[in-house]
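J.: Structure of the sequence below:
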Amino acid sequence: MKQKKTLKKGLHLYEGKELSKDFPITSVDASPIMVFPLNQHIGKPAIPIVSVGDRVLMGQKIAEADGVISAPIHSSVSGTVKAIENRLVIDGSHSMSIVIENDGLGEAVPGYGEYRDALQLSSQEIAAVIKEAGIVGLGGAGFPTGVKLTPKNAREIDTLIINGCECEPYLTVDYRVMLEKGEQIVKAVRCVQKMLPNAKAIFGVEDNKSDSIKVIRGFIKPDDNMDVVSLKTKYPQGGERSLIYAIRGRKINSRMLPADARCIVINTSTCLAIYYALYKNIPLTFRYMTVTGEGANNCCNVKVPIGIDHQSVVDFCGGLKDDVCKIISGGPMTGFAMSTLDVPVQKTSSSILAFTQDDVSVVEQSNCIHCGRCVKVCPTDLVPQMLAKAIKQNDFGTFESLGGMECVQCGCCAYTCPAKIPLTQMFKLGKAKVIESRN
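T.: Below you'll find the model as predicted:
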């Protein structure tokens, strides 16, 4: 039997997906007050184009992109702008935000939700719609999708990878999106291929999602230049570098873009957002999330309007158990620990994880025993124990020379470390210091 494709090294983690994977997506209504941070993407924050007191409509652009690496923001409700002020966001920082009082009328801009045959659009028109819709990567850090899909070497791109791995434990929203919206995803991919005329589309999906693989395959036509690759379930398979290597055997580093390896990678939920923008004239005003974990009363997958507060989403799902001690936005390996649920859902908000035990706090850190486990699991072939030594000595030059800037901050090393050294956090600091020294 031919061995399934997969990344080098990595980890086999407890999945936790059984908690929420069988629950269909349900819709959550907007909250009375909606908050739209201007910095919901990689790059420069958007610039407000509304003022306090203005009435806005659902789908209306309320902030304009500031430069090439930026993205506009649209209101997910109709209502009145009550403030433009600094607000607390998911990672504990503050971001200038547009605060809108929802009038509950759901009055939309003209044309919102109206169908059009997107395949009749030119590649330039498709690119313009995606950019204007404010779409960013919904499976990661939020890089503006319109920029990603218009590389300088567009005709040289031979592979469009659709990332359906969802390798983080507990998360099931991409799985449900593929299962329930497979036809729309495939339609969006056909449009994207008009922008990358020589690219074959390959869906990379881990083999723990076999039913969603069947769904996607069922919507691919014989004349589509598409395929689905079943990948061995492994973390961090969904990382761009790992996925490109697993599917195409090509390596990239921190000084390269996927386009340099003739590949473009986009997430399945991002594809669905592209479908709504192209076929339904709906900008990125909502997203899909998973609410799960042993601390959730009812695990579920939900469609939520961007700008809603996390508490309202949790309340819709039945609240949390009394003994919850840790809440994470995103996956348990790369997400943010949340100090409060009174923060808005952003474009990059993929989940709310609630736990009744904090595995990090119950284990004491000890000295490195040089066991080499971190080396065995690092998908980038680094030697974490040497990088950690350099950081402890404040020797960031050595950290850089040892390849520290290639760290993808997946957390594999910290997870497997028997001494429980916070390696990932150390490397994040090291990379920040190196970048600071370059400026």
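J.: Report back the residue of the chain that's furthest from centre.
T.: Ile369 (34.9 Å; CA atoms, centre = their mean).
J.: so what pLDDT did that one get?
T.: In this prediction, Ile369 carries a pLDDT score of 91.
J.: again with the one 3 residues further on
T.: If you check Gly372, the pLDDT there is 93.
J.: Is Gln385 within a helix or a strand, and which one?
T.: Assigned by DSSP states H and E, Gln385 belongs to helix 384-392.
J.: Next, the buried residues of the next helix or strand after that helix.
T.: Later in the chain than helix 384-392, the nearest helix or strand by DSSP H and E is helix 396-401. Residues of helix 396-401 classed as buried by neighbour count (16 or more other CB atoms under 10 Å): 396, 398-400. Where you see a C-beta, it was placed from the backbone N, CA and C, and this is true even at glycine.
J.: Looking at helix 396-401 now, give me its mean pLDDT.
T.: pLDDT averaged over helix 396-401 gives 94.
J.: Run the chain-centre distance for it.
T.: 29 Å (CA atoms, centre = their mean, to the nearest Å).
J.: Asp227 against Phe203, yeah?
T.: Yes. Taking CB atoms under 8 Å as the definition, Asp227 is a contact partner of Phe203 at 7.2 Å.
J.: Please say which of the two ends up with more neighbours.
T.: Neighbours per residue, other CB atoms under 10 Å: of Asp227 and Phe203, the larger number sits with Phe203, 29 against 14.
J.: Same list, the buried residues of helix 396-401, but as TSV with distance to Ile73 please.
T.: TSV is the format used below for those (distance: CB to CB, whole Å):
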residue	distance to Ile73
Phe396	36
Thr398	42
Phe399	36
Glu400	36
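J.: what's the closest of those residues to Met256?
T.: Distance to Met256, by CB to CB, is smallest for Glu400 among those, at 16.7 Å.
J.: who's in contact with the residue farthest from the centre of the chain?
T.: Contact analysis of Ile369 by CB atoms under 8 Å, 6 or more residues apart in numbering lists 418-419.
J.: same thing with Met256?
T.: Met256 touches nothing, counting by CB under 8 Å, 6+ apart.
J.: Okay, it and Met226: tell me how far apart.
T.: To Met226, Met256 is 25 Å away according to CB to CB, to the nearest Å.
J.: For the chain, just list every one of the helices.
T.: For the chain, helices defined by DSSP state H occupy the ranges 123-132, 145-148, 173-195, 210-219, 240-248, 268-280, 310-316, 373-377, 384-392, 396-401, 412-416, 423-438.
J.: Can you tell me which of those helices is most buried?
T.: Neighbour counts (mean count of other CB atoms under 10 Å) averaged over each of the helices of the chain peak at helix 268-280, with a mean of 24.
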